[in-house]
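*Asks:* How does the following fold in three dimensions:
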Amino acid sequence: MRLDLTDLRLFLNVHEAGTITGGAGRSHMTLASASERIRGMEDALGVALLLRARRGVQVTPAGRTLVHHARLVLQQMDRLQGELAEYGGGLKGHVRLLCNTSALSEHLPQVLGSFLARHPGISVDLEERPSGEIVDALRNAVCDIGMVSDSVDLAGLETFAFRADPLVLVVPRAHALAQRTAIGLSEVVDMAFVGLVDGSALQAHITQHARRLGKRLSYRIRLRSFESVCRMVGEGIGVGIVPQAVAARSARAAKVKRIALTDAWAARNLVLCVRDLEALPAPAQQLVQHLLAAAQRTPRARPR
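*Replies:* Numbering: from 1, shown residues only. Next up is the predicted model:
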């Protein structure tokens, strides 16, 4: 039995993509080449690794075992590469970071920019996901680091406080609710909303809580950034829910008023989490330390 690192990466990519075509694309291979490699692995092992169907593939019990060990081997290789590269000044490694919408748009760009400037040999694969999916990805060793809301189940993970990130309601300054200081989602769930585009982790989070109230949010328009949401709210198109930091920064220019949400899920904090800090490759450990140092330098927001 001979499996090389290309085989292992390909199999992981097929598992994550759910199709051989998707896995081949992520591995920069043709479909024919990827299919041949997988058949070669199955022949060498003497067992089926994938269950093939019209809409994709699923791993067999043997395939799940291969996924587990492939992740461990590739993580160890990344760690070895990162540590040895310190001596040669070459490429130090690759870090996969998953984060929620607020972290991606509001908290990480500047911090990651300074990290990448200091470490030109390290690349970061940054992807937005809902917090619940991120912690699952961490437990399954699909990513190195997660930045999530503390409202999700973090059992079994090492966690570090990053920043407070409460959600607030934004309304036009002349809105009937503008004089309120606090409000619950149940009081506004039937109003017209301005939100983020489909695929936004935060919008999916808000939609989920509306469903728990037995309601479906009605969106007048969906936009690509929190700032655009605030501006459209200021034009009187609807109300919106955004991170407090965005609302505070956009209040004057967008002509909106922010109102605290009383729902427990809105009083959230961003948490940095990993499976095992000591087991991370050196580049990922460096990024964790950089993020935590940035969190300590962040001044507390003044009450308004």
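*Asks:* Give the other helices and strands that the lowest-mean-pLDDT helix or strand in the chain contacts.
*Replies:* When each helix and strand of the chain is scored by mean pLDDT, DSSP states H and E, helix 61-88 comes last, with a mean of 80. Where contact means 3 or more Cβ pairs under 8 Å, 6 or more residues apart in numbering; DSSP states H and E, helix 61-88 is packed against helix 5-17, helix 31-45, strand 93-99, helix 282-297. No exception for glycine: its C-beta is placed from N, CA and C like everyone else's.
*Asks:* in it, what counts as buried?
*Replies:* Residues of helix 61-88 classed as buried: Gly63, Leu66, Val67, Ala70, Arg71, Leu74, Gln75, Asp78, Arg79, Gln81, Gly82, Ala85 (neighbour count, 16 or more other Cβ atoms under 10 Å).
*Asks:* again, but for stretch 207-221
*Replies:* Buried residues in stretch 207-221, counted by 16+ other Cβ under 10 Å: Thr207, His209, Ala210, Leu217, Tyr219.
*Asks:* same deal with stretch 171-182?
*Replies:* Val171, Pro172, His175.
*Asks:* Nearest to Val271 among these?
*Replies:* Using Cβ to Cβ, Val171 is the member of the buried residues of stretch 171-182 that lies nearest Val271, at 29.0 Å.
*Asks:* what are the pairing partners of the strand or helix carrying Gly240, and which direction each?
*Replies:* In this assignment (DSSP states H and E), Gly240 forms part of strand 240-243. Strand pairing for strand 240-243, determined by DSSP bridges: strand 167-172 (antiparallel).
*Asks:* Isn't Asp150 up against Ala267?
*Replies:* No. The pair Asp150 / Ala267 is not scored as a contact, 9.6 Å apart, by Cβ atoms under 8 Å.
*Asks:* Just the endpoints, please. Distance across stretch 132-151?
*Replies:* 9 Å (Cα to Cα, to the nearest Å).
*Asks:* ranges for the strands of the stretch 51-200 of the chain?
*Replies:* Shown for the stretch 51-200 of the chain, the strands assigned by DSSP state E, counting those that start in this stretch span residues 56-59, 93-99, 122-128, 145-149, 158-164, 167-172, 182-183, 192-196.
*Asks:* got the contact list for the last one?
*Replies:* When contacts are taken as Cβ atoms under 8 Å, 6 or more residues apart in numbering, the neighbours of strand 192-196 outside the stretch itself are 101, 202-203, 206, 217-226, 229, 232-233, 237-241.
*Asks:* What average pLDDT does it get?
*Replies:* Average pLDDT, strand 192-196: 96.
*Asks:* Throw the buried residues of helix 61-88 into a markdown table and include distance to Val111, thanks.
*Replies:* Shown next, in a markdown table, are the buried residues of helix 61-88 (distance: Cβ to Cβ, whole Å):
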| residue | distance to Val111 |
| --- | --- |
| Gly63 | 37 |
| Leu66 | 36 |
| Val67 | 32 |
| Ala70 | 31 |
| Arg71 | 27 |
| Leu74 | 26 |
| Gln75 | 24 |
| Asp78 | 22 |
| Arg79 | 23 |
| Gln81 | 24 |
| Gly82 | 20 |
| Ala85 | 23 |
